[in-house]
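Trainee: okay, sequence plus prediction incoming.
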Amino acid sequence: EGKGRKRNPLHDFKKTGELMLIKVNKTLEIKTKLLNTTEQCAKRCSRNKGLSFTCKAFAYDRVTKRCHWLSFNSLTNGVRKKQDHAFDLYEKKDYVRNCIIGKGADYKGTISVTKSGIQCQAWNSMIPHEH
């Protein structure tokens, strides 16, 4: 990153073209707004600006230039995928990544067993190992 150049907020997202997520679970939240670019959508999702929930993904409607911020992603229970040519889906990499980077302090993925199949210790537990 050079001087005067801002980091592209889309770098934190995994893009899947022509896909929308449909919530089956009614408690999941969505907020929409007209925005001109996917970068603007990504920035607002990353900062959770103006959202009453933690943004895990957004879908951008290329036709209407409407951003749909989602409190869920494609791995969330109660969600189904729908092929839709108007939309591109952007999911926060932290929530869809199934690997640990560094010590794993920021890991938000869904894997909770070791490679050998042993259940992982909960972060808030000191049993069987202390932190």
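Mentor: That came through fine.

Trainee: and Cys45, what's its pLDDT?
Mentor: With respect to pLDDT, Cys45 scores 97.

Trainee: likewise for Pro9?
Mentor: 94.

Trainee: how near is Arg66 to Asn36?
Mentor: With distances taken as CB to CB, to the nearest Å, Arg66 is found 10 Å from Asn36. C-beta coordinates here come from the backbone N, C-alpha and C atoms, glycine included.

Trainee: same question for Gly78.
Mentor: Distance, Gly78 to Asn36, by CB to CB: 31 Å.

Trainee: where does the closest residue to Asn77 other than its chain neighbours fall, secondary structure wise?
Mentor: With CB to CB, 6 or more residues apart in numbering as the criterion, Asn77 has its nearest non-adjacent residue at 6.9 Å, and that residue is Asn25. Under the criterion DSSP states H and E, no helix or strand holds Asn25.

Trainee: in the protein, where's the longest helix?
Mentor: Counting residues, the longest helix found in the chain (DSSP state H) is helix 38-47.

Trainee: go through that helix and flag the buried ones.
Mentor: Thr38, Cys41, Ala42, Lys43, Arg44, Cys45, Ser46 (16 or more other CB atoms under 10 Å).
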